[in-house]
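Engineer: Give me a 3D structure for the following:
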Amino acid sequence: MATTVDARAIASTLYDALIGTAVEQLQLAAPKLAKVSDGELAKQIDAALPPQALPQVRNFLLGLAREGLLGQLDDIVTAFTAFASGAPEAALDAVVTSAVELSSAQQAKILAELKERYGTGVVVSFAVDPTLIGGLIIRVGDQVLDNSLRTRLSVLQRSMLAG
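Structural biologist: Below is the predicted model of the structure:
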């Protein structure tokens, strides 16, 4: 009779084998699917996969194809590999939106502050939205810090209309 520790070790071995196989199959298929045409996607996916491919991998690729996301397969495989390797959930996305393009120094300062607060796994992208007038909107995961001038003016307007 296996102990809990033995059962976890055995389950871990199976998990590693399945995930490893899936990652390997996705990595092999990715270059072949980089420029697929819309016609007969299922045949193209089947041709890109080895004959013994996991049905879940084939279904996953079909789903990506239906959603028009096959072009992002390399990024998805990279993220999946990191996730499967047990790396800490590094994929904490942050978007910093400003009214004007931020300088490299400003971006570096914001990046350092976000990494200090959320850890080194935060991935930050910067966007420009001139309608903000000034200030920043920072979205990290499901948290939003809106310190834009547009929002502050809206709050002031609502306050004046209510009073």
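
Engineer: mind listing what's buried in the longest helix anywhere in the chain?
Structural biologist: The residue-count maximum for a helix in the chain (DSSP state H) belongs to helix 4-32. Using 16 or more other CB atoms under 10 Å as the test for burial, helix 4-32 gives 21, 22, 23, 25, 26, 29, 30. Every C-beta, even on glycine, is put in place using the N, C-alpha and C of the backbone.

Engineer: Taking those residues together, which two end up most distant?
Structural biologist: 21 and 30 (15.0 Å; CB to CB).

Engineer: Now do the SS call for residue 101.
Structural biologist: At residue 101, secondary structure determined by DSSP: H, G, I helix; E, B strand; the rest coil is coil.

Engineer: Could you find the closest non-adjacent residue to it?
Structural biologist: If the residues on either side of it in the chain are set aside, residue 101 comes closest to residue 128, at 5.6 Å by CB to CB, 6 or more residues apart in numbering.

Engineer: Distance of that neighbour relative to residue 100?
Structural biologist: 7 Å (CB to CB, to the nearest Å).

Engineer: which secondary structure elements does the longest helix of the chain contact?
Structural biologist: helix 41-48, helix 55-66, helix 73-84 (3 or more CB pairs under 8 Å, 6 or more residues apart in numbering; DSSP states H and E).

Engineer: same thing but at 6 Å, please
Structural biologist: Helices and strands touching helix 4-32, by 3 or more CB pairs under 6 Å, 6 or more residues apart in numbering; DSSP states H and E, are helix 73-84.

Engineer: Buried ones in the helix it packs on, by neighbour count?
Structural biologist: The neighbour-count check on helix 73-84 (16+ other CB under 10 Å) flags 73, 77, 80, 81 as buried.

Engineer: Pairing partners for the residue nearest to residue 101 in the sheet, please.
Structural biologist: residue 98 (DSSP bridges).

Engineer: Am I right that residue 123 sits in a helix?
Structural biologist: No: Residue 123: not assigned to a helix; according to three-state DSSP it is strand.

Engineer: Show me the chain divided up by domain.
Structural biologist: 4-84, 92-162 (automatic domain parsing).

Engineer: Throw those domains into a markdown table and include mean pLDDT, thanks.
Structural biologist: What follows is the domains of the chain, written out as a markdown table (pLDDT from 0 to 100):
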| stretch | mean pLDDT |
| --- | --- |
| domain 4-84 | 79 |
| domain 92-162 | 88 |
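
Engineer: how close does residue 102 sit to residue 147?
Structural biologist: 14 Å.
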